[in-house]
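**Q** Fold the following for me, if possible:
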Amino acid sequence: MKPFVELSFMPEALASGSTTVFRYRANVTPPRDGRQWATLMGTLVGHWVSRYGVGEVRDWFFEVWNEPNLKAFWTGTQQDYFDLYRHTVDAIKAVDAQLRVGGPATAKNEWIEEFLDFCDQHRLPADFVSTHHYPTDALGNEDQDTETQLSDSRRSLLREQAQATHRRARGRPVYYTEWNTSSNPRDPRHDEPYAAAFIVKTVLEASDLVEGYSFWTFSDIFEENYFPSVPFHGGFGLLTLHGIPKPAYRAFELLHRLGTDRLLVDGLHETVDAWVVRQPAAVTVLLANHALPRHPIETQQVHIRLTDARAPRCAYVERIDEDHANAKRLWREMGEPDYLSASEVERLQAASRLAQEPQGWTYEDGAQASIAVVGFALAAYPVGVERWFWPRAEAVARKLTTLRCFWNGPQGTGTIATVSQGNIANQTIAFFLWDGFWRVGASTPSAACEMVREEGPGETVRTVKHKMTLRLRRLASRKRPLAK
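**A** Take a look at the predicted model:
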């Protein structure tokens, strides 16, 4: 872990005005004299280099200010901010030219082109682009309640914005240094499974577009407007005031254990998203069932089939939903006490934990898997590159790997392994781990539904259509990874 330093706010001794924000009265005015600000920045960073060593500080990031496009955080103009950036980057680069400085640290993905134009015109370094976004940004009337703002939003909005920022960054690394499920510091959904499903979907959709994605914030123990005592008050944190993990925290726990070797998953569903990740001795399927407020959502049935695989050692499910890893539900059942005893904290800690539930499965030996049509992979180059799903080189690799699977893959119709059906409830995450398999690739749900219909006696076409089915097959060559 390395520091990502936000260089704000303005010391009163240097400030040009008295306007402040938050209870701790952070001054949000430009400096009276930019040279004095530059001296402060050079002295501060020089001290860190002297104390920790230049090699260490070169791994840090220096972000200039916080949301200067909002009057609440910057009373100056856009040009005033650009002047502040110029003084800052010159001072830091004078300490060491390899230290990393960037901006514009704006809200709502704004000022990126103007900021980079200014840097290019004045030959100023901008080592990265940073900005913030929330699904409630600029949607409808800002005076509307949070639920209305979210209902006016749309699924995957943050991914669309990250794609646009990635394009506008002109090849520079992109860091989102603030985001959450909403910008309301007292949003009840921050404490509920809704946030967990939103986080998993958002993080995995943005992972190929950004270098860093900093959730705001780690704990409810921070003070901007006032410091509440209620254990679950809708704060931004992943942890409550008492350090009790929220469902959002458990979502990051699942993501941390997920691994990095993601496989291609094709198909669309109105509320369910699926990701498959392989590790040396396991396959993980991560599912999120998520919809925005006032949008329809139902519990969905999931059928998972792994083909051409070795016998498993175990299979289990971990869930985050209303009944699992959800301490707030127990707090409600306690009568929503404002103050907690030590024993109540222990009970809530226990209720927040993820639990591994054994998952039933069947295994049939000796059959080989059929090759399903992988339409999404074949369209990776003409469609995926155009829409920024993947970099060009990765899209080419996906398409070629798919074609090799057609050419080299075994043929057959037998079933190898089927995970028994399970439900994925509203605003929930299901984390399936199938342990002991070869590396696998993914085929399309459309082909999988056909196989379920043909191989599942007694199942009607209508029943199959209401399932989300994943079919997986082993790579013909284990030396070539299907995806990263």
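
**Q** Can you get me a residue count around Gln149?
**A** The local packing of Gln149 (other CB atoms under 10 Å) involves 24 other residues. Using the backbone N, CA and C atoms, a C-beta is placed for each residue, glycine as well.

**Q** do the same with Gly171
**A** Gly171, neighbours per other CB under 10 Å, totals 6.

**Q** Ok, Phe227 next?
**A** The burial count for Phe227: 12, using other CB under 10 Å.

**Q** Assign it to helix, strand or coil.
**A** coil (DSSP: H, G, I helix; E, B strand; the rest coil).

**Q** cool, and the one 5 residues further on?
**A** Three-state secondary structure (criterion: three-state DSSP) places Phe232 in coil.

**Q** Model confidence for it, exactly?
**A** Listed pLDDT for Phe232 reads 97.

**Q** Quick one: residues contacting it.
**A** Neighbour list for Phe232: 188, 191, 240, 327-328, 331, 336 [criterion: CB atoms under 8 Å, 6 or more residues apart in numbering].

**Q** Give the buried subset of those residues as a PyMOL selection command.
**A** PyMOL command restricting the contacts of Phe232 to the buried ones, with burial defined by 16 or more other CB atoms under 10 Å:
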select buried, resi 191+240+327+328+331
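
**Q** export the contacts of Phe232 to CSV and tack on distance to Asp90?
**A** Shown next, in CSV, are the contacts of Phe232 (distance: CB to CB, whole Å):
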residue, distance to Asp90
Pro188, 46
Asp191, 44
Thr240, 43
Ala327, 49
Lys328, 49
Trp331, 51
Glu336, 54
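
**Q** Restricted to helices, list the contacts of Phe232.
**A** Counted as lying in helices by DSSP state H, out of these, are 327-328, 331.

**Q** Check those residues against Val28 and report the nearest one.
**A** For those, the minimum distance to Val28 (CB to CB) is 34.3 Å, reached by Lys328.

**Q** pLDDT weak spots in the stretch 51-200 of the chain?
**A** Along the stretch 51-200 of the chain, segments meeting pLDDT under 70 span 138-142.

**Q** mind listing the helices for the protein?
**A** Using DSSP H, helices in the chain cover 34-52, 54-57, 78-95, 112-121, 146-151, 157-168, 193-206, 247-256, 327-333, 342-352, 375-378, 392-408, 445-455, 461-465.

**Q** what's the angle from the third one to helix 34-52?
**A** Helix 78-95 runs at 40 degrees relative to helix 34-52, counting by axes from the mean of the first three to the mean of the last three CA atoms, to 10 degrees.

**Q** Give the other helices and strands that helix 78-95 contacts.
**A** Contact here means 3 or more CB pairs under 8 Å, 6 or more residues apart in numbering; DSSP states H and E; on that basis helix 78-95 packs against helix 34-52, strand 61-64, strand 100-106, helix 112-121.

**Q** give the contact list for the most centrally placed residue in the chain.
**A** Centroid-nearest residue in the chain, with CA atoms, centre = their mean: Val203, separated by 1.4 Å. By CB under 8 Å, 6+ apart, the residues touching Val203 are 213, 255.

**Q** repeat that with 10 Å
**A** Contact analysis of Val203 by CB atoms under 10 Å, 6 or more residues apart in numbering lists 158, 179, 210, 213, 215, 251-252, 255, 258.

**Q** what's the answer for Trp275, then?
**A** 200-201, 204-205, 207, 255, 258, 262-263, 265, 284-288, 442, 470.
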